[in-house]
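[1] Only the shape, not the letters, is given here:
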């Protein structure tokens with residue numbers, strides 16, 4: 001398995017430095033602190049990473065994608081702040097969430113500020129196509145969260161789940177890949193292929209997150225287990241409830257968790273049900289299918305160190321899962 005930090009080196013440092021050095025002098029002091037806190041909370045920086053590497057995939061310099069990845073990460077963090085308000089999450093990335101640390105009202109405004117700053121940096125690129133892609137991605141994410149909230153504690157079909165999955169996760173990865181390319185080359189075919197790569201990578205990422213929500217290996221994943229008790233539908237749950245091998249007793253137990261009748265659940269029991277019904281295996285297969293589609297789009301581009309890195313990124317996150 002590759003070491004992301006080791007392979008990224010200069011690029012990750014450049015991304016983090018650019019985020020740390022954001023000019024917030026024109027932002028009201030009451031919002032400066034929570035805005036900096038939200039951006040500095042860390043995370044994997046996968047979306048800006050994808051953006052800068054896609055700039056190199058099409059033959060450019062990753063530094064030329066700076067305004068694009070800043071816009072992308074600001075909008076992403078703005079949506080996370082709003083997600084934490086809606087879900088009443090106490091933690092984000094192993095630390096207190098913005099609503100907990102600064103209060104709900106200030107958190108709403110912080111999320112708004114981050115989204116506005118994101119559009120400001122999108123405009124700085126001087127490309128209307130960048131603004132269009134980011135605006136559309138932001139709208140898709142809002143719609144995805146709205147549908148997830150609407151269907152909370154309701155059973156949905158796999159097709160509906162995958163649509164929400166794309167809106168919530170796939171659309172921003174799709175945009176990250178396209179933005180990197182557009183900053184270098186305004187080519188419709190290139191944008192289409194990068195969109196296919198990013199979209200399918202993002203779809204696989206959300207399924208991976210669903211699986212990690214029950215098979216947690218670290219604190220951040222541990223916190224994501226709350227999705228099960230919150231009634232957020234996941235692909236393993238859909239497959240388990242759809243299985244002919246699920247006993248009536250187990251079905252009632254899963255439904256009682258999903259409906260909110262239970263306040264706790266033995267995750268080892270859920271793991272056992274997922275494994276016995278084949279739900280885990282089916283979910284992994286679906287995830288890897290999206291990963292292969294992402295790889296297919298990526299391989300349309302010429303051989304390069306950037307393409308090699310993104311291909312290995314697919315391997316680490318999905319093929320070696």
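    Perfect, I can see it now. Being a predicted model, the structure only gives us computed values, none of them experimental. Numbering: from 1, shown residues only.

[2] For the stretch 1-150 of the chain, just list every one of the strands.
    For the stretch 1-150 of the chain, the strands defined by DSSP state E, counting those that start in this stretch occupy 91-92, 95-96.

[3] can you put those strands in TSV and add distance to residue 69?
    For every residue, glycine as well, the C-beta is placed using N, CA and C. Listed next are those as TSV, based on distance: least, Cβ to Cβ, whole Å:
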stretch	distance to residue 69
strand 91-92	20
strand 95-96	23
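
[4] and those, which is most packed in?
    strand 91-92 (a mean of 20; mean count of other Cβ atoms under 10 Å).

[5] how about the helix ranked longest in the chain: buried residues?
    Determined from DSSP state H, the single longest helix within the chain is helix 188-212. Buried residues in helix 188-212, counted by 16 or more other Cβ atoms under 10 Å: 190-191, 193-212.

[6] Could I get the contacting residues of residue 34?
    Under the criterion of Cβ atoms under 8 Å, 6 or more residues apart in numbering, the neighbours of residue 34 are 98, 101, 102, 106, 107, 110.

[7] what's the closest of those to residue 276?
    Distance to residue 276 across the contacts of residue 34 (Cβ to Cβ) is lowest for residue 98, with 39.8 Å.

[8] Hmm, residue 107 and the closest one touching each other?
    Yes. Proximity of residue 98 to residue 107 meets the contact threshold set by Cβ atoms under 8 Å, at 4.6 Å.

[9] And the two? Which one has more around it.
    residue 98 (28 against 21; other Cβ atoms under 10 Å).

[10] Quick check: the gap between that one and residue 114.
    For residue 98, the distance to residue 114 equals 10 Å [Cβ to Cβ, to the nearest Å].

[11] got any residues that touch both of the two?
    38, 81.

[12] now the chain, which segments are flagged as low pLDDT?
    The chain contains residues with pLDDT under 70 at 1-7, 216-226, 320-321.

[13] Helix, strand, or coil at the residue nearest to the spatial centre of the chain?
    The centre of the chain sits closest to residue 169, judged by Cα atoms, centre = their mean, with a distance of 4.6 Å. For residue 169, the assignment made with DSSP: H, G, I helix; E, B strand; the rest coil gives helix.

[14] in terms of contact, does it touch residue 207 like I think?
    No. Applying Cβ under 8 Å, one finds residue 169 not in contact with residue 207, separated by 9.1 Å.

[15] Residue 68 - how many residues pack around it?
    31.

[16] same check, this time on residue 44
    With other Cβ under 10 Å as criterion, residue 44 counts 12.

[17] same check, this time on residue 42
    Neighbour count for residue 42, taken as other Cβ under 10 Å: 13.

[18] same check, this time on residue 186
    When neighbours are counted by other Cβ under 10 Å, residue 186 registers 11.

[19] tell me the contacts of residue 262?
    Contacts of residue 262 by Cβ under 8 Å, 6+ apart are 229, 256.

[20] Relative to residue 88, how far out is it?
    Separation of residue 262 from residue 88 (Cβ to Cβ) stands at 18 Å.
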